[in-house]
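Peer 1: Quick one: sequence and predicted model below, then my questions.
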Amino acid sequence: MNKKSLLFASSEVYPFVKTGGLADVSHSLPRALRESYDVTVVLPLYRLIDRKRFNIARLESFEITMGENVYPVELHGTTLDGMEYRFVYAPLLCDREFLYGSAECGYEDNAERFALYSYVLREMVRREPYALLHLNDWQCALAALFIKEDTAIKAKTLYTIHNLAYQGVFESSILPRIGIDERYFTMEALEFYNQVNYMKAGIAYADVITTVSPTYAKEILTPEFGCGLEGFLQFHKRKLHGILNGIDTDHFSPATDAALIECYTSAKGKKASKSDLLKQLGLKGVTKPLFVFIGRLAHQKGIDLLIETLPKMAELECTIAVLGEGGGAYGDALNAIAERYANVSVTSGYDEALSHRMYAAADFLVMPSLFEPCGLNQMIAFAYGAIPIVNRVGGLADTVKKLESFEEESASGFGILLTSATSRALLSAVKKGCELYGDKKRFEMIVNHNMRCDYSWSKSAQEYLKLYQRVLK
Ligand code: GLC
């Protein structure tokens, strides 16, 4: 039987370009679906993408009319590990330094850029009869509206919310420039406190909506986590599903990871990685527990909490290593602490290989996110045998079971859960970690258990396939 065709659209895809977890999921989820569907993944051809390295070649050109302007667009393509990729090139969308802007401020014309991207997605579906279009985050959300409005298109749409904190909200004056009629500027459609909200298009017009964990799917219906869209989501909740992300277990495998000084398959095998990393970072104390933080230096990730707690953590018998993306005031505060304490090291920037070595070296991963739609780091930590210390929200609540209830038969990994998102709770969780580390036998038993747990896409991909089937019926 012929497979149905699926176009998976994202604004970033690993290994071409990555700013966050969206890129990882856009890499690994399509791969988990391709046995059942003919999958093509599409993303913008940003200047940052190395066309030569990935053999990206031009396939076709066409024009897109948006508002009063006509934009020349090129479609490029490549195949990587048997996966089909398409890249959308348009000067407006691609010819600049970053993807979305600087850390502080998005590009002024992001509204036009990603509206154009969504028009191109519609054009792709017109040219090739994809059965289903899987759209991700606000950057692709308008495509759900464009496709719904084109009665000649039979394709269905599924829209995934990776983070409700980024909705794509713009001045209403952009409507004529993005070629969207005033009649969509209503509460039921795009209007949001007198502005235009792209994510609302995905929520309102997609045939199904998913978000990246079951707990987050419930949280976003509440004012605390709904970012102003809780009412709108409640209205559409019959088509909202929470499906937990997985990780690419080939890429994140300490048994084969080329970035590691020594590969390993159990707690005992981590020693070489730990002493190597400590040496590299100028830290001492291989026999002390090593706590690491890896991630964006953003409020969401609990950075304020971490900065507040670090000096007290540093007084404990432990070592601490931070790898943080995005500098600014957070970076300065972290560096100031690292200067004061010999057992604290801070590295800034995004470094995939170093992050792998840190997971391998770490005894604990500190991840005190205030909210976390899914989070991948805690699952990577399980795979590499670092025990996660997390706040009980979103995907963290769905993936990390509390240490006190440890049982070897469980299919889930275990970690330390904060009792609240406070500095005091974080400090007491870290102390708990130090104690556990002192009980070598129990510590290693838990690490070994966590390393055996399955956080691949195998189960969640089935859930997506079920949803696809349901919309395509
Ligand atoms: C966003 C979310 C994160 C999630 C990722 C992939 O980055 O903040 O929690 O894991 O998307 O879905």
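Peer 2: Nice, thanks for sending it over. None of these values were measured; they are calculated from a predicted model.
Peer 1: And the strand ranked longest in the chain, what's buried?
Peer 2: Counting residues, the longest strand found in the chain (DSSP state E) is strand 69-80. Buried residues in strand 69-80, defined by neighbour count with 16 or more other Cβ atoms under 10 Å: 71, 73, 74, 75, 76, 77, 78. Heads up, the C-betas are built off the backbone N, CA and C, glycines and all.
Peer 1: Looking at those, which one is closest to the ligand?
Peer 2: residue 78 (23.3 Å; Cβ to the nearest ligand atom).
Peer 1: these two touch, right, that closest one and residue 53?
Peer 2: No: Residue 78 is beyond contact range of residue 53, at 10.0 Å (criterion: Cβ atoms under 8 Å).
Peer 1: Show me which residues of the stretch 151-300 of the chain are close to the ligand?
Peer 2: Residues of the stretch 151-300 of the chain lying close to the ligand by Cβ under 6 Å from any ligand atom are 162, 163, 212, 245.
Peer 1: Give me the next element, helix or strand, following the helix or strand harbouring residue 424.
Peer 2: For residue 424, the element it lies in under DSSP states H and E is helix 423-438. Toward the C-terminus, helix 423-438 is succeeded by helix 440-452 as the next helix or strand (DSSP H and E).
Peer 1: Tell me the gap between that following helix and the middle of its chain.
Peer 2: Put simply, helix 440-452 sits 27 Å off its chain's centre (Cα atoms, centre = their mean, to the nearest Å).
Peer 1: got the buried residues for the helix or strand that comes right after that helix?
Peer 2: Next along the chain after helix 440-452, taking DSSP H and E as the criterion, comes helix 458-472. Neighbour-count burial for helix 458-472, counted by 16+ other Cβ under 10 Å, picks out 460, 461, 464, 467, 468.
Peer 1: how close does the third one get to residue 141?
Peer 2: Taking Cβ to Cβ, to the nearest Å as the measure, residue 464 and residue 141 are separated by 18 Å.
Peer 1: what bits of the protein have low per-residue confidence?
Peer 2: 1 (pLDDT under 70).
Peer 1: In the residues of the stretch 151-300 of the chain next to the ligand, which residue is surrounded by the most others?
Peer 2: residue 212 (27 neighbours; other Cβ atoms under 10 Å).
Peer 1: what sits against that residue?
Peer 2: Residue 212 sits next to 25, 160, 161, 162, 242, 243, 244, 245, 373, 374, 395 when contact means Cβ atoms under 8 Å, 6 or more residues apart in numbering.
Peer 1: Okay, it and residue 395: tell me how far apart.
Peer 2: Relative to residue 395, and taking Cβ to Cβ, residue 212 is found at 6 Å.
Peer 1: which residues are common contacts for these two?
Peer 2: Shared contacts of residue 212 and residue 395, counting by Cβ under 8 Å, 6+ apart, come down to 244, 245, 373, 374.
Peer 1: Those in helices, which ones?
Peer 2: In helices, judged by DSSP state H, none of the shared contacts of residue 212 and residue 395 are found.
Peer 1: which of these sit farthest apart?
Peer 2: 244 and 373 (10.4 Å; Cβ to Cβ).
Peer 1: higher neighbour count, these two?
Peer 2: Each of residue 244 and residue 373 has its neighbours counted (other Cβ under 10 Å); residue 373 has more, 28 against 21.
Peer 1: Got the phi and psi for that one?
Peer 2: phi -50, psi -50 (degrees, to the nearest 10).
Peer 1: and the gap between it and the ligand?
Peer 2: Applying Cβ to the nearest ligand atom, to the nearest Å, the value for residue 373 to the ligand is 4 Å.
Peer 1: Same check on residue 236?
Peer 2: 19 Å.
Peer 1: before we move on, what about residue 261?
Peer 2: Taken as Cβ to the nearest ligand atom, the span from residue 261 to the ligand is 28 Å.
Peer 1: for that residue, what are its contacts?
Peer 2: Counting by Cβ under 8 Å, 6+ apart, residue 261 makes contact with 272, 273, 276, 357.
Peer 1: closest point of the protein to the ligand, which residue?
Peer 2: residue 21 (2.8 Å).
Peer 1: neighbours around the nearest residue in space to that residue that is not next to it in sequence, how many?
Peer 2: Leaving aside its sequence neighbours, residue 21 sits nearest to residue 376 (Cβ to Cβ, 6 or more residues apart in numbering; 5.0 Å). Residue 376: 23 surrounding residues under other Cβ under 10 Å.
Peer 1: Next: the one 10 residues further on.
Peer 2: By the other Cβ under 10 Å criterion, the neighbourhood of residue 386 contains 29 residues.
Peer 1: For residue 262, which residues are in contact?
Peer 2: 269, 272, 273.
Peer 1: State the helix or strand in which it lies.
Peer 2: Per DSSP H and E, there is no helix or strand for residue 262.
Peer 1: which ones are touching residue 155?
Peer 2: 7, 125, 129, 130, 131, 132, 133, 147.
Peer 1: Turn the contacts of residue 262 into TSV, columns for secondary structure and neighbour count.
Peer 2: Converted to TSV, those look like this (DSSP: H, G, I helix; E, B strand; the rest coil; neighbours: other Cβ atoms under 10 Å):
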residue	secondary structure	neighbour count
269	helix	17
272	helix	15
273	helix	26
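Peer 1: tell me the two of the residues of the stretch 151-300 of the chain next to the ligand that are most distant?
Peer 2: Farthest pair in those, by Cβ to Cβ: 163 and 245, 11.8 Å.
Peer 1: Surely residue 185 touches residue 176?
Peer 2: No: look at residue 185 against residue 176 with Cβ under 8 Å: they stay out of range, at 11.0 Å.
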